[in-house]
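**Student:** Take this sequence and fold it.
(one chain, ligands or ions: 1)
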Amino acid sequence: MPIYEYRCRSCSEISTSLRKVSESKDPILCENCAGQAQRIVSRPSVHLSNMSKVEKLDPKYDKMVDRAMNNTTSADPERILKKMKPLSDGE
Ligand SMILES: [Zn+2]
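**Tutor:** This next block holds a predicted model:
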């Protein structure tokens, strides 16, 4: 379960709570004064992998490469194998 942050409406104290995603928007009771605390959006802690960073930088590029690859005969590994001659062939 993710940890969410909540700010109290009365005393502005920040409380954190480990909750289900589906319950994250429900207000909790302030740890300081038991007033209503509403969820605040904290900085995302998810780190992107290098691959997803590349995809975010240029998503069109990947699709272009995929399309180009599918249109070439080299996209079919069977063709490459058929072109190869056995090493013992010819001699
Ligand atoms: Zn409070």
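
**Student:** Check the average confidence over stretch 82-91, would you?
**Tutor:** Stretch 82-91 shows a mean pLDDT of 70.

**Student:** same question but for stretch 68-77, I mixed them up
**Tutor:** pLDDT averaged over stretch 68-77 gives 70.

**Student:** Could you tell me which residues of this protein lie near the ion?
**Tutor:** Where the chain comes near the ion, counting by CB under 5 Å from the ion, the residues are 8, 10-11, 13, 30, 32-33, 35. Glycine gets a C-beta too; all of them are placed from N, C-alpha and C.

**Student:** Mind checking which of those are in strands?
**Tutor:** Among the residues of the chain next to the ion, the members found in strands (DSSP state E) are Cys8.

**Student:** any chance of the residues of the chain next to the ion in TSV, with pLDDT, distance to Met1 and neighbour count too?
**Tutor:** Below are those laid out as TSV (pLDDT from 0 to 100; distance: CB to CB, whole Å; neighbours: other CB atoms under 10 Å):
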residue	pLDDT	distance to Met1	neighbour count
Cys8	96	21	21
Ser10	96	26	12
Cys11	97	26	13
Glu13	94	22	14
Cys30	94	20	21
Asn32	94	23	14
Cys33	97	25	13
Gly35	96	24	14
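
**Student:** residues of the longest helix along the chain that come out buried?
**Tutor:** As assigned by DSSP state H, the longest helix anywhere in the chain is helix 59-70. By neighbour count with 16 or more other CB atoms under 10 Å, helix 59-70 contains no buried residues.

**Student:** Kindly export it (C-alpha atoms) in CSV.
**Tutor:** Provided in CSV are the C-alpha atoms of helix 59-70 (Å, rounded to 0.1, in the frame of the first residue of the first chain):
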residue,chain,number,x,y,z
PRO,A,59,7.7,8.0,-28.7
LYS,A,60,7.3,8.5,-32.5
TYR,A,61,10.8,7.3,-33.1
ASP,A,62,10.2,3.8,-31.7
LYS,A,63,7.1,3.4,-33.8
MET,A,64,8.9,4.5,-36.9
VAL,A,65,11.7,2.0,-36.3
ASP,A,66,9.2,-0.8,-35.6
ARG,A,67,7.3,-0.1,-38.8
ALA,A,68,10.5,0.1,-40.9
MET,A,69,11.7,-3.2,-39.4
ASN,A,70,8.4,-4.9,-40.2
